[in-house]
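1. I'll drop the sequence and a predicted model, then ask my questions.
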Amino acid sequence: MKKVKTLILGATVLAAGIAAVLQDCLIADNGIIAGAEYANALHGAGASLSIPKTAEGARLARELYTIGIAEEGKPVHLPGLQPVVAKILIDSGARVLFTARLTALRQMNGIFEVEFYTTGGFLGLQAEKVVDTTSGTAAHLLGIDVKAASMELACILVSDDIHSALPVIPGARVAAGRYPGVCTAHFPANDLTQAQEDIAGRIKELRPWKLGTIAYMLDCTPAVSFMQADGFTYLPSAFSADPLSAFERGVLFAKGAACDTI
Amino acid sequence: MIQYSRMLNGKIVKTPFCETPDGDADVIIAGLGTAGAIACILCAQKGLRVLGLEPLSCLGGTGTAGGITGYYHGNPGGYYQEIDRAAGGGRMGTDAFQKSTIMHQRALDAGAKILFGASVTGVLMEKTRVIGVEWVDASGRHFTTAKTIIDATGDGYLALAAGCAVTHGRQSDNGFQPYSYVFATANGGRVVHHNIDSGTINPYDPWAYSAEILKTSADEKHLWENYPQDAILMGFCPILGVREGCTIIGEERVTLEGVTLQDEASLPLFYGYSNVDHHGKDTAYEDEAARDWLSIAGLWGVGIRFGVPCGALIPRGFDGLLVAGRAMSVDHSFAPALRMKDEMQKSGEAAAAIADYSIRNNLPLHALPRDQAALASIRDQLSQSGCLNMQDVPGLFDERLKVNLRWLTNAYEIRAGLSSDEPGLAIWSARRMYKEISEELCSWLNSNDKMLQRNTALSLALCGNNAGEDVLLEMISDRSGYIPKMSRKYNPPHAISAITAVGRLRLRSAVPQLKEIIENPDYTANIPFEADELLDSRETQHFLWFSASQTALQSIAEAHPDLRNDITALLSRQLNDPCFKLRVGLKASNLIVDAIPTAKRVFERWSNSIENI
């Protein structure tokens, strides 16, 4: 059976930070979008990039400013993160497994026995350490109760009139986007399908704003920044308010910083 | 004894099943994508107890979440049109969320049980009968039994887990058609989906699959140097635009040769329409049937209306399992035609009708294709919605001129066609009529009409007749770059047709010329060309000549053992030369990619296979 030193769950922005330092790790994600918690679920929409604290973070910030999806003091255009995060993962040399659904996780004699369902069927492996950067997929399988502080479903709205005032949507939080004529709306949700269908129905009422896209995953803001037990670390990427902070948490974690300091 | 069968670490593993299933249904539908969503709604509307399992959060698959919201080719007709209308859309596109919401509601209204975030991971079987599935969701692992299971996963995952016979892409390297990674932008408040070929992918190797996704996510199509404000990136679709995966070997099979060379064998359940929409430029590495149609006859652009029989949805030798969608029984060469959205949705409707008939009449699925009463009843059902138009017949359509075509049926017409610069229809018609006109064909080789001579030589090659050998050799050495104009695009240069033909005929006399093409990277440097969608660059031009010659030499070596060592050494030397460059453009993209890995993979598989001959 394949054995890895460090298994990271979630091809998240935080995972990219870990991979940028650690390199020798396996990252497994249920979907196909790198950095999906920010790029698709739009966690941190409306926030600008934090000030980098690490060299790796400074490099990422420079790249995001250079290509134009971030600007000082302005919200980050989050969908643009995905290709950047993908490039970080490629450059890191980390192995990545997409469309890998975690179906079993057990710890026996200090080793984690892991099973995924992938596009090639079931795949088993062993890991010395597991880091869960998602909203708690692995934690739940290990019987660790991780709660979400909030769950929302986000969408991007666009208007062909760049001077359109931000829409007022009862029950939703609206944030200005990076570009004029773009904003995001965030609706409390706990059922992804129901929420998607509700939003699709409601947006018709918001002219001149039209639906640009709806997220395909819930934005789960975790209640705690980390949990640790015996080779397992729960370190959710979405605890950070902006993607640069998440990336740098990963960098610092990989460099050995204690979780309660990052 | 019930067995639990699943794919584990790349192999089928069967173990005795001793647990108690969690539930039972009449029909389980695995995957509620383009085909599965329609099957789910209609099975439920027919009063069957339906369990629909979908890994994503919405119905519709590639046609909704995947961003392919409009239609390309296809033969319109069926229940899905009602849904498109209800969602305020049509041929140009339907709002993805409106459509998936409506489909979801209709399925629920009809009494279907739908579970999202649920992946089907294995099957339960009694000998060769599939009786249930294993599936996982956030609450864990479950087993549910059913009278009929519909594999609408798109990639035939259940069929694979059950051990059904499948074809896995093309013979040369098991390669599939290129895929797209669709993304959306907002331009002036209007959302546009971009469907650009990204490369090739193997959906069954999770490591290669993942590496490819990562690579394409970060390539220049998706990672821009500057994010403009007039085309604002909205995001990437949560599923890939996969055009082809494994296809089952069914009780009946739709093949390129069957559709174009034979009369309709059995009454179809529905008709499809498309050209053989091959997206790659490496036609030389395709199966022989595709090379015949695309490279020798140049018929890429001709639209074909074809029937899909009942047995194409039923894996041969198995029961309890239907396959709807891309994984239906179609050969690799015709898979580019049988994948359009109309037909995928129709296949869902057909699967529902087959399942319903089988269950209500307590008949095994495998018996239905030969049961005239069953076929009549199912066809009647499908005709009610327009899924089957009883007036439809097999036919051809010229997408360039927008006129119906027909096969040429006499020597006079065929000769006129072969004398023209649009000879493709005549070339294929000659093949269909070979028994009747073989002598006349051979006599046309002596004509002073060069076009007639050359196209006749190609026609004869398709029929395995090497009487035009000298003409073909002359065509290869012709560096005029002449290209016939049969199709609206993707017309192969005449020299490429000739190279493909000499390979088909295994002509050893062609070896010196073919070797020169392989050895000389500047062979095509002075062959004129006007950049078009096929011949987008000098690099692609070189690739077309090289790949056609590689395949031809490999075929010749198979037939002439005394030439094998020499040809093998030549190809090995060239493909492993670090200074040798071989690159090819992707369709509808500015990307030009390294073609050496593909060429090497094809060569290595071939050289391993001939060691055993």
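-> On my side now, so go ahead.
2. assign a three-state SS to the most centrally placed residue in chain B, would you?
-> Residue closest to the mean C-alpha point of chain B, counted by CA atoms, centre = their mean, is residue B:335 at 2.4 Å. Under DSSP: H, G, I helix; E, B strand; the rest coil, the three-state class of residue B:335 is coil.
3. what's the spacing between it and residue B:268?
-> 17 Å (CB to CB, to the nearest Å). To be clear about C-beta, it is placed using only N, CA and C from the backbone, and glycine gets the same treatment.
4. again with residue B:384
-> 16 Å.
5. neighbour count: the two, which is higher?
-> Counting neighbours by other CB atoms under 10 Å in any protein chain shown for residue B:384 and for residue B:268 shows that residue B:268 has the greater number, 23 against 10.
6. residues contacting that one?
-> Shown in contact with residue B:268 (CB atoms under 8 Å, 6 or more residues apart in numbering or on different chains): B:306, B:307, B:308, B:309, B:388.
7. now residue B:364
-> Each residue near residue B:364 by CB under 8 Å, 6+ apart is listed here: B:319, B:358.
8. let's see the pLDDT reported for it.
-> Predicted confidence (pLDDT) for residue B:364: 97.
9. that one and residue B:320, how far apart?
-> Residue B:364 sits 8 Å away from residue B:320, going by CB to CB.
10. with residue A:260 instead?
-> Remark: distance between residue A:260 and residue B:320 (CB to CB) = 55 Å.
11. do residue B:78 as well
-> Remark: distance between residue B:78 and residue B:320 (CB to CB) = 25 Å.
12. what does residue A:53 give?
-> As judged by CB to CB, residue A:53 and residue B:320 stand 59 Å apart.
13. looking at those two, which is more packed in?
-> Each of residue A:53 and residue B:320 has its neighbours counted (other CB under 10 Å); residue B:320 has more, 24 against 14.
14. mind listing the residues bridging to the nearest residue to the more buried one once chain neighbours are set aside?
-> Nearest residue to residue B:320, sequence neighbours excluded (CB to CB, 6 or more residues apart in numbering or on different chains): residue B:130, at 4.0 Å. Assessed by DSSP bridges, residue B:130 has beta-bridge partners residue B:125.
15. give me the pLDDT value at the residue of the stretch 151-300 of chain B found nearest chain A.
-> Using CB to the nearest CB, the single residue of the stretch 151-300 of chain B nearest to chain A is residue B:189, 2.9 Å away. For residue B:189, the pLDDT comes out at 78.
16. and residue B:405, its phi and psi?
-> Dihedral angles of residue B:405 (phi, psi; degrees, to the nearest 10) stand at phi -120, psi 170.
17. for it, what are its contacts?
-> Residues in contact with residue B:405 (CB under 8 Å, 6+ apart) are B:302, B:395, B:396, B:397, B:398, B:425.
18. just the ones of those in strands?
-> B:302, B:395, B:396, B:397, B:398 (DSSP state E).
19. ok, the third one to residue B:91 distance?
-> Pointing back at residue B:396 there. Going from residue B:396 to residue B:91 by CB to CB gives 21 Å.
20. the more surrounded of the two?
-> More crowded of residue B:396 and residue B:91, by other CB under 10 Å: residue B:396, with 18 against 14.
21. mind telling me which residue of the stretch 101-250 of chain A is nearest chain B?
-> Scanning the stretch 101-250 of chain A for the residue nearest chain B gives residue A:121, at 2.4 Å (criterion: CB to the nearest CB).
22. so what's that residue closest to, chain neighbours aside?
-> Nearest residue to residue A:121 in three dimensions, chain neighbours excluded: residue B:7, at 2.4 Å (CB to CB, 6+ apart).
23. for the strand or helix carrying the one you found, give the mean pLDDT please.
-> Using DSSP states H and E, residue B:7 sits in strand B:2-8. The pLDDT scores in strand B:2-8 average 97.
24. what helices and strands are in contact with that strand?
-> Applying 3 or more CB pairs under 8 Å, 6 or more residues apart in numbering or on different chains; DSSP states H and E, we find strand B:2-8 packed against strand A:121-132, strand B:11-16, strand B:119-126, strand B:129-137, helix B:157-162.
25. coming back round to it: mind listing what the residue of the stretch 151-300 of chain B closest to chain A touches?
-> Contact analysis of residue B:189 by CB under 8 Å, 6+ apart lists A:158, A:159, A:160, A:161, A:181, A:208, A:210.
26. narrow those to just the buried residues.
-> With burial judged by 16 or more other CB atoms under 10 Å in any protein chain shown, the buried subset of the contacts of residue B:189 is A:158, A:159, A:181, A:210.
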